[in-house]
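>>> got a predicted structure here, sequence first:
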Amino acid sequence: FGKARYYDHIRTFLDKTLRLLRWEEGLFPLSDIPPDHTYGIATYQKGATVLNTLRHQMGDSLYFLGLRAYNNRYWHGLVTLDSLQRVLEDSTGLSLQSFFDDWIRKPGEVHFRIDSFGRAGSDSVWIAWRLALRDKPSYTTPTRLTVYLRGAAPGDTLYRQFFTDGTSRGIAKVACSFSPVLAILNPNGEVSDATTHGLRLQKTTGNFTLSGTYLTLRAIGLPAGDSLWIHVAHNWVGAYDAGTLPLHTNRYWQLDGIWDQSLALRGIFPYNGRAVGSNAYLDTLWLNFREDSLALYWRPSASESWAEWPYYTVDAGTSPSDLQGRIIADSLLPGEYALGKKMGTTPLVQEKPPALRLWHVWQEHDLLWVRNESQTPGEYGIYDMLGRQYGREKLPPHTEKNWVLPGGVYVVLTPEGPYKILIWK
């Protein structure tokens, strides 16, 4: 019991939501969960993380005041999402329209990050923040964020809060009497955005893993009696500012900490493009090339360019094309890390140029459409990312067919090869 245990649960729920929901249940808002998934991840895991964020947005006193009013008004009665919003607003005087729209009536997640920070006079710090969207069409909510600031001295730590302004980036100012060397947004999951955090004070050598970060670290040469304070954020969006580099489009890491420069830090970065295993779906769709063409990229901060990390090895296991393995990197430094392709990599699946295609697959009006422009009949099949078949038939020449499917990612196998399609709901 207690706050630490509560945040452990939230982190576990958030990790499951971010890694599994889009693949195993689909993309849909919490306000419109399909009957087949009433008792699934969206309801019990994502629902809990969104309520946690609502609590943080309102503040404890107003949040629990609103819940008591809601219970009193609808005790043993029928309720709706609108009734919850109305009672919370009426009892607290807050406007929650944009929050309910962005977090409950739209699918997907938002991702917040800190680009840079610095002193703003003797008693405050400025923080440059930015956001990105993950499967979410838009986001306009002014959001309360918690920032953890840590200085070089052991006692220089504090938490502060600020509101974003509903745009995609901005600069906030918070009170702080020391010069921070680290600034971390929502380290305990106060806002359940598209990030899972791990914090640890490591006092021994050997491997250690921060839950939910998909990174195993090893401190080499840690003197007896010394310690390593480390923070890892696993960000469930593509690497920012990739430019023309072929970086991962779905995730990257942020590594921060305080450790002696003589310490050697090794990292094991797992990858898995399959729908099975403990790390299932980490790299689904993105990893469509031989694993010996994987690369690890790094940049020290948002103001620097990405470059290939010089000290790493790709451990593909028994096969370089089974889409699972790990990258082992040495001499890690603070900064951002992302998987990527080596320049000039050839995909395992070669797609024809649009002008040469005779089979076409697309989404329109929440439907999946398949059209055969060839001169002969052809057979196609529709599968989800677990390999479950949703349809298979022969399509005559110059005809098309539409399918009503749950929201999610599908593979359509045609005579020309596979097509990947995302169905929004």
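Thanks, I have it.

>>> okay, strands next: where are they in the stretch 301-425 of the chain?
Remark: strands assigned in the stretch 301-425 of the chain by DSSP state E, counting those that start in this stretch are 307-308, 312-315, 324-329, 335-341, 359-364, 367-372, 378-384, 389-395, 399-404, 408-414, 417-423.

>>> equivalent analysis for the stretch 1-150 of the chain, please.
Counting by DSSP E, counting those that start in this stretch, the stretch 1-150 of the chain has strands at residues 109-119, 124-134, 144-151.

>>> out of the ones you listed, which gets nearest to Tyr312?
Ranking these by proximity to Tyr312 (CB to CB) places strand 109-119 first, at 23.7 Å. Placement of C-beta: from N, CA and C, glycine included.

>>> need the contact partners of that closest one.
Outside strand 109-119, the residues that touch it by CB atoms under 8 Å, 6 or more residues apart in numbering are 17-18, 102, 125-136, 139, 143, 145, 147, 164, 169, 179-180, 183-186, 191, 193-195, 235-237, 240, 254, 301-303.

>>> what does the host helix or strand of Tyr297 rub up against?
Tyr297 belongs to strand 294-299 when assigned by DSSP states H and E. Applying CB under 8 Å, 6+ apart, the contact partners of strand 294-299 are 239, 245, 247, 269, 271, 287, 305-309, 312, 314, 327, 329, 333, 335-342.

>>> so how far is Asp283 from the residue most central in space within the chain?
Nearest residue to the geometric centre of the chain (CA atoms, centre = their mean): Trp236, 2.1 Å. Computed as CB to CB, to the nearest Å, the Trp236 to Asp283 distance reads 12 Å.

>>> anything in contact with each of these two?
With CB under 8 Å, 6+ apart as the test, Trp236 and Asp283 both reach Asn250, Arg251.

>>> follow-up on the earlier one: any idea of the angle the strand holding Tyr297 forms with strand 335-341?
On the basis of axes from the mean of the first three to the mean of the last three CA atoms, to 10 degrees, strand 294-299 is oriented at 150 degrees to strand 335-341.

>>> I'd like the distance from strand 294-299 to the chain centre, please.
Centroid separation for strand 294-299 versus its chain: 18 Å, with CA atoms, centre = their mean, to the nearest Å.

>>> just give the strands next to that strand in its sheet, each with its orientation.
According to DSSP bridges, strand 294-299 has the following sheet partners: strand 307-308 (antiparallel), strand 335-341 (antiparallel).

>>> could you give the average pLDDT over the last one?
Averaged over strand 335-341, pLDDT sits at 96.

>>> what's next to it, contact-wise?
Under CB under 8 Å, 6+ apart, the answer for strand 335-341 is 239-240, 242, 245-248, 251-255, 267, 269, 271, 283, 289, 293-302, 306, 308-309, 327, 329.

>>> one more time with 6 Å
Under the criterion CB atoms under 6 Å, 6 or more residues apart in numbering, residues 239, 246-248, 252-254, 293, 295, 297-300 lie in contact with strand 335-341.

>>> let's have the residues you listed in TSV, adding distance to Lys203 and neighbour count.
Output for the contacts of strand 335-341, formatted as TSV (distance: CB to CB, whole Å; neighbours: other CB atoms under 10 Å):
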residue	distance to Lys203	neighbour count
Ala239	32	23
Pro246	39	18
Leu247	34	20
His248	32	23
Tyr252	28	25
Trp253	23	23
Gln254	23	20
Ser293	39	18
Ala295	33	19
Tyr297	31	23
Trp298	26	23
Arg299	29	19
Pro300	26	12
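
>>> dump the residues you listed to JSON lines, plus distance to Thr205.
Converted to JSON lines, the contacts of strand 335-341 look like this (distance: CB to CB, whole Å):
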{"residue": "Ala239", "distance to Thr205": "30"}
{"residue": "Pro246", "distance to Thr205": "35"}
{"residue": "Leu247", "distance to Thr205": "32"}
{"residue": "His248", "distance to Thr205": "30"}
{"residue": "Tyr252", "distance to Thr205": "27"}
{"residue": "Trp253", "distance to Thr205": "22"}
{"residue": "Gln254", "distance to Thr205": "24"}
{"residue": "Ser293", "distance to Thr205": "33"}
{"residue": "Ala295", "distance to Thr205": "28"}
{"residue": "Tyr297", "distance to Thr205": "27"}
{"residue": "Trp298", "distance to Thr205": "23"}
{"residue": "Arg299", "distance to Thr205": "28"}
{"residue": "Pro300", "distance to Thr205": "25"}
